[in-house]
Each structure stands twice: as structure tokens, then as C-alpha cells.
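In: here is my input; please provide its structure:
(chains A and B)
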Amino acid sequence: MDLSFATQQVIYGLTLGCLYGLLAIGYTMVYGVLRLINFAHGDLLMVSAYVAFFGIIIFSLPWPVAFLGAAIFTAVIGILIDRGAYKPIRKSPRISALITAIGVSFLLENLALVLIGGRPKSFPIPTLFNGSLSIGELKVPVLSLWILSLTLVLLVIVIGIVHKTRIGMAMRALSRDIETVSLMGIDENRVISFTFALGSILAAFGGVMWCMRYPAVEPFMGVIPGLKAFVAAVLGGIGNVTGAAIGGLILGLAEVLIVAIQPDWSGYRDAIAFCIMIVILLTRPRGIMGENLPD
Amino acid sequence: MINLLNIQELAVHFGGLCAVNSLNLRINSSEIVGLIGPNGAGKTTAFNVITGIIRPTKGKITFLGREITGKPAPVIARSGIARTFQNIRLYDDLSVIENVMVAAHSSVSYSFAEAILGFGRFTRDEARIRKRSQELLDLMGLGHLTREKANSLPYGSQRKLEIARALALEPKLVLLDEPVAGMNPTETSDFAKFIIKLRQDTSIGIGLIDHDMSFVMNVCDKIKVIDHGIEIAWGVPHEIRNNKKVIKAYLGEN
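Out: Residues are numbered from 1 along each chain as shown, chains lettered A, B, ... in the order given. Below is the predicted model of the structure:
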């Protein structure tokens, strides 16, 4: 394996890793605040992909409008999922919320299947994201540059919100103790809705970017990325935003590089993430940047 | 002196268990009222109902003349009731000043967009909140620990931080649940001086639960004694000290 081939694979790995990272941040934020694994989060990728797809194809919207619309629509869906499914069982045992999350995930997938149909649709890629730059032997897809920079910008924004703003402070306080936050005069449901909205917007951007990288839109497209993003969140240390991004990158790189080194293993691509999950749970369950949790 | 809190015939049942039974309580401004009783008497439950964490089974609670029975906790908090907790409940990995700022934030309102983008009114309010939080920390003698994480403070300072956080809400009534539990006698007497001074300076009303009888007798203007959810005495400290029912509740028969 020569250097340019390796660099090429690293670029592909980072691209994939960023997509996992965008999704993982949403998982980790919701977990941080509610101690809930929102298994429906991966399906938001699909929701945003369909909204962007229909925006461009049916309503012939310009792509920036369609993408922005997808982000807003997905944020609303995220809030509705929380209000409709999780809020009524906020005080129930955690396992109920977990099962509900899986139920919501199935609901979204099958709703899409019934309403839109299962045939994969090919996503229209705006010309701005097409093509690639050639640097010597290296070919860098323009889309990769977009994905890398978008992820970086969104990550900085999210970290800024969490650490520098009033709502971020409330989010961090909420992750410790919901009850006392409400006694400080803060409406905890507003903060939770905001968290879901923020996570959903990241998932929406991830979804649109995902579709341009792997341009088939279908109802179950969010399942595997969702599960892998969950692995990334656990790997990075669930509850930690930076950790989620790092976990995503490691996972993306591992997946691409292992297959590049051992092309025979390409069939086991998806297994790599879950092997990493098993190893991390056995050796360092709190993840790379995770806090030491008492429970 | 104005009436702040007025509780009438309050009852709380958990299934078959009657935690509080027809409790009446009035707290006025500039008044320190003690709520005492043996373990399991329903004192903390009463606080939880007043602050909106638990809904009462029966009864009526008014605050500043407006009914607050069964209102959501944030609404009650914003109307001017703050509290501390028996087992300290700080936001561990927030810094000391952030703990206070979380509560101070509810005293201002601005839109989400402003809160995130940080301009205009927001920046000014932010600076004001930080200044006010710093003042409260100075008042509690924690001014030099602003940047520490809350869970790195020693126990006594954590208690003080909880009180600073409660005061950041700019409350008219503060409910203190066992504020001197775990404090040594010097700390306790300092704390007694502090709340007496606080009452003088701010005309805040204070409701407090504690098991340290000399502290309670020392600071309270009036004391209510409850046992097994039932009210057994009400009066000034020296009446309570000599009340036969109270002595019986604490020490048993004979």
C-alpha cells in the first residue's frame, strides 16, 4: 500500500467518520440530558433525506432552501418525538423509555415505507457538491471537503452553545438533576425540546450529506448509520459532545482502513463497528472522554 | 409585614400512607418559621408540595395572595419561592458561579435566538447576572472559589453554595431543608447569625426544617411541630420547648 493510496483512504475514512460524528452528537446530547438512548435518532437521517429529496424533486426548490427546510422539519420531528413519546413516560423506569425509543424508530421507518414506498430513490446531488480536486495522484471529492468543514463548524457551534450560553448551562445542569432545575424556575421541557431540536438539526445535516455520499434514499437507510453512530457515541464517551465526534472519526477511519488493508473483509464492514463496541464495553465502558459515572 | 405563604388544610397521601394531614401554616415577610418533628413527620413532603414537586391530595396553598396549589415547579419558583435540599443537590460538574447563574437566569427573559447569538439585551443581562452571582458568592464567603467545580468544595461550602443559588432566584420566601445538618457548632452559630442578618437586610421570609433544636430555637420566630403528618404544636420557641405533646413526640411516653 503506497502513501497516496493510504492518504486517499484516510480522506474517505474521515468523511464517513464525520457523518457518524454528526449523528453521534445528537445521541450523546440527548443521553447527556435525559439518560435516554434515543434509538429513533438514526431515523431522523432518513426523515431529513426524504424532505430534502422531495423539496428538490417535487417542489423544485433550490437546494439551499431544501436543505434548510429539511433541517427545520427534522428539528420539529425531533421535538414532537420527545413531546409525544418520551415526555409522558419521563418518570417511568429507564427501560420503558428505551423500549419506547425502539418503537418510535420502527414507527418512523414503517410510516415512511407506507407513505412513500420502499423503492430506493436516487438523491439529486447539486453540482456544487460534485466532482473532486486532484492533488497529484490524490483525488479529494469536493463533498468530502464540505462534510469535513460542515462537521467542524457544527461541532464548534454545539460546543459553544453547551459551554457558553444560558441554555447550554441549563442543559448541563439538567443532565445532573432535572428536579432542581425546575425549582430554579427553568422550564425543563423547553430545555429538553431545545436539546432534541439541536440534535435533530445535526442529524438532518448528516442525512443530507449522507445522501450525497451514498445517494439512495429509502425508509431503512437510517438504521445502520444510526447504530454505528450510537457505537461512536459510546466509544467517545456517551454524554460528551467532543467525544462523540472523535468516536465517529475513529469508527469511520477504522471501517474504511480495515477494508482497504484487507479487501477480503469488505463483507464484514458493518461488523467492525460492533466489534469495537464489544471491546470498548469490556475494557473501558465509559469511553474515551467519558466521565466516571457512579452507576 | 405582609403575608407571603398561606397553607390551608394541606393533605398529602401516597397510596394508603398519609404523609401530611391537614397542615396549616403561615409565613410572613421578615419572619423565620421552623417546621420540626421526628423523622418521617412529613416536613420535607410539605416543602415538596409548596415548591410544586408533589401535588397535594387536598388543601390550598396561596403565595402573595395568589393560589399556587398544583402549579408547575418552575412557575412557583419564578413567583418567588426558592429552596435548598436536605441532601445537597448541586450541579456537580458546573463551576461554582455557574451553579448560581443557572438560578439567576430565570429572573430575566429573552428569546432563544438572543440566548444563543448573544447580543444586545442579552449581553447586558449576562454581565448583570454574572455580577449578581459573584455578589451572592461573596456574601456567602465563597467569592474566591468562583471557578472551582461545585463537587470539589468541602461540605460546609456546598451548603452555602446551595443557599447562594437559592438566593439567586431573588425569592421572597426561602425554604431551607436542614441547612445546618453536618455543620459543626461554630459553623452552625455563624449560619444562625447569617440568616438573622439576611432577614434584617432583605425582609425575606424563611421557612426551615432542622433537627438541631438549639439552632431552631435560636433563630425561629415561630415553630410548627408535626408528627406522622399531624400538626401537634404551634408557637414561639419557648412555648414549644415546654409543650408536653412535643416532648412526648420526640422522646416517647414517660
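In: list the contacts of the residue in the stretch 1-150 of chain A positioned nearest to chain B.
Out: Per Cβ to the nearest Cβ, A:G32 is where the stretch 1-150 of chain A lies closest to chain B, at 10.8 Å. For glycine as for every other residue, the C-beta is placed from the backbone atoms N, C-alpha and C. With contacts defined as Cβ atoms under 8 Å, 6 or more residues apart in numbering or on different chains, A:G32 is in contact with A:M171, A:R172, A:S175, A:I238, A:G239, A:N240, A:V241.
In: host element of the second one?
Out: Which is A:R172. Using DSSP states H and E, A:R172 sits within helix A:166-176.
In: average pLDDT for that helix?
Out: Mean per-residue pLDDT for helix A:166-176: 88.
In: export only the CA atoms of that helix, formatted as PDB.
Out: What follows is helix A:166-176, C-alpha atoms only, in PDB (Å, rounded to 0.1, in the frame of the first residue of the first chain):
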ATOM      1  CA  ARG A 166     -27.600  30.200  29.100                       C
ATOM      2  CA  ILE A 167     -29.400  27.300  27.500                       C
ATOM      3  CA  GLY A 168     -26.300  25.300  27.400                       C
ATOM      4  CA  MET A 169     -25.800  25.900  31.100                       C
ATOM      5  CA  ALA A 170     -29.300  24.800  31.700                       C
ATOM      6  CA  MET A 171     -28.700  21.600  29.700                       C
ATOM      7  CA  ARG A 172     -25.600  20.800  31.700                       C
ATOM      8  CA  ALA A 173     -27.500  21.400  34.900                       C
ATOM      9  CA  LEU A 174     -30.400  19.300  33.700                       C
ATOM     10  CA  SER A 175     -28.100  16.400  33.000                       C
ATOM     11  CA  ARG A 176     -27.300  16.300  36.700                       C
END
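In: whichever helix or strand comes after it - contacts with which helices or strands?
Out: The C-terminal neighbour of helix A:166-176 among helices and strands, as given by DSSP H and E, is helix A:178-183. Packing partners of helix A:178-183 (3 or more Cβ pairs under 8 Å, 6 or more residues apart in numbering or on different chains; DSSP states H and E): helix A:166-176, helix A:188-213, helix B:73-79.
In: the ones you listed: which one's closest to B:K149?
Out: Comparing the helices and strands packed on helix A:178-183 against B:K149 with Cβ to Cβ, the closest turns out to be helix A:166-176 (11.5 Å).
In: and the longest helix for chain A?
Out: helix A:3-34 (DSSP state H).
In: the residue in the stretch 101-250 of chain A positioned nearest to chain B in helix, strand or coil?
Out: Of all residues in the stretch 101-250 of chain A, A:G185 sits closest to chain B, at 3.1 Å by Cβ to the nearest Cβ. The three-state assignment at A:G185 reads coil, by DSSP: H, G, I helix; E, B strand; the rest coil.
In: still on that earlier bit, need the winner for burial among the helices and strands packed on helix A:178-183.
Out: Of all these, helix A:188-213 has the most neighbours on average by mean count of other Cβ atoms under 10 Å in any protein chain shown, namely a mean of 25.
In: quick revisit: close to chain B, is the helix holding A:R172?
Out: Yes: using Cβ under 8 Å from any Cβ of the partner chain, helix A:166-176 reaches chain B at A:R166, A:I167, A:M169, A:A170, A:R172, A:A173, A:R176.
In: that older thread, tell me the helix or strand right after the longest helix of chain A.
Out: helix A:41-57.
In: give the other helices and strands that that next one contacts.
Out: Packing contacts for helix A:41-57, counted by 3+ Cβ pairs under 8 Å, 6+ apart, involve helix A:3-34, helix A:63-81, helix A:94-116, helix A:188-213, strand A:216-217, helix A:223-236.
In: got the contact list for the residue in the stretch 151-254 of chain B that chain A sits nearest to?
Out: Across the stretch 151-254 of chain B, the shortest distance to chain A (Cβ to the nearest Cβ) belongs to B:L169, at 5.9 Å. Neighbour list for B:L169: A:M184, A:G185, B:A77, B:R78, B:G80, B:A82, B:A103, B:A104, B:S106, B:S107 [criterion: Cβ under 8 Å, 6+ apart].
In: in the residues you listed, find the pair that's most separated.
Out: Once Cβ to Cβ is applied, the contacts of B:L169 give B:G80 and B:A104 as the farthest pair, at 13.9 Å.
In: identify the contacts common to the two.
Out: Shared contacts of B:G80 and B:A104, counting by Cβ under 8 Å, 6+ apart, come down to B:L169, B:E170.
In: these two: which has the busier surroundings?
Out: Remark: of B:G80 and B:A104, B:A104 carries more neighbours, 27 against 19, as counted by other Cβ atoms under 10 Å in any protein chain shown.
In: leaving out sequence neighbours, find the closest residue to that one.
Out: B:A168 (4.1 Å; Cβ to Cβ, 6 or more residues apart in numbering or on different chains).
In: which phi and psi values does the one you found adopt?
Out: The phi/psi pair for B:A168 (degrees, to the nearest 10) reads phi -60, psi -20.
In: that one against B:K131, yeah?
Out: No: taking contacts as Cβ atoms under 8 Å, B:A168 lies outside contact range of B:K131: 11.8 Å.
In: of those two, who's got more company?
Out: Applying other Cβ under 10 Å to B:A168 and B:K131 shows that B:A168 carries more neighbours, namely 26 against 11.
In: now do the more buried one, the pLDDT please.
Out: Looking at B:A168, the pLDDT reads 91.
In: residues contacting it?
Out: Contacts for B:A168 (Cβ under 8 Å, 6+ apart) come out as B:V100, B:M101, B:A103, B:A104, B:S107, B:R132, B:S133, B:L136.
In: and if you look at A:A204?
Out: Per Cβ under 8 Å, 6+ apart, neighbours of A:A204: A:L44, A:L45, A:V47, A:S48, A:V51, A:A70, A:A71, A:F73, A:T74, A:A75.
In: in CSV: the residues you listed, plus pLDDT.
Out: Listed next are the contacts of A:A204 as CSV, based on pLDDT from 0 to 100:
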residue, pLDDT
A:L44, 96
A:L45, 95
A:V47, 96
A:S48, 96
A:V51, 96
A:A70, 96
A:A71, 96
A:F73, 97
A:T74, 97
A:A75, 96
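In: which of those are buried?
Out: A:L44, A:L45, A:V47, A:S48, A:V51, A:A70, A:A71, A:F73, A:T74, A:A75 (16 or more other Cβ atoms under 10 Å in any protein chain shown).
In: got JSON lines for the residues you listed, with distance to A:F205 too?
Out: Shown next, in JSON lines, are these (distance: Cβ to Cβ, whole Å):
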{"residue": "A:L44", "distance to A:F205": "11"}
{"residue": "A:L45", "distance to A:F205": "10"}
{"residue": "A:V47", "distance to A:F205": "13"}
{"residue": "A:S48", "distance to A:F205": "8"}
{"residue": "A:V51", "distance to A:F205": "12"}
{"residue": "A:A70", "distance to A:F205": "8"}
{"residue": "A:A71", "distance to A:F205": "6"}
{"residue": "A:F73", "distance to A:F205": "13"}
{"residue": "A:T74", "distance to A:F205": "9"}
{"residue": "A:A75", "distance to A:F205": "11"}
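In: which one of the residues you listed is nearest to A:A232?
Out: Nearest to A:A232 out of those is A:L45 (Cβ to Cβ; 13.5 Å).
In: out of the helices and strands packed on helix A:41-57, which is closest to B:D212?
Out: Per Cβ to Cβ, nearest to B:D212 of those: helix A:188-213, 33.0 Å.
In: tell me the angle of the closest one relative to helix A:41-57?
Out: In terms of direction (axes from the mean of the first three to the mean of the last three Cα atoms, to 10 degrees), helix A:188-213 departs from helix A:41-57 by 60 degrees.
In: avg pLDDT for helix A:188-213?
Out: Taken as a whole, helix A:188-213 has a mean pLDDT of 94.
In: gap between that helix and the chain center?
Out: Remark: helix A:188-213 is offset 8 Å from the chain centroid, using Cα atoms, centre = their mean, to the nearest Å.
In: brilliant, that's me finished.
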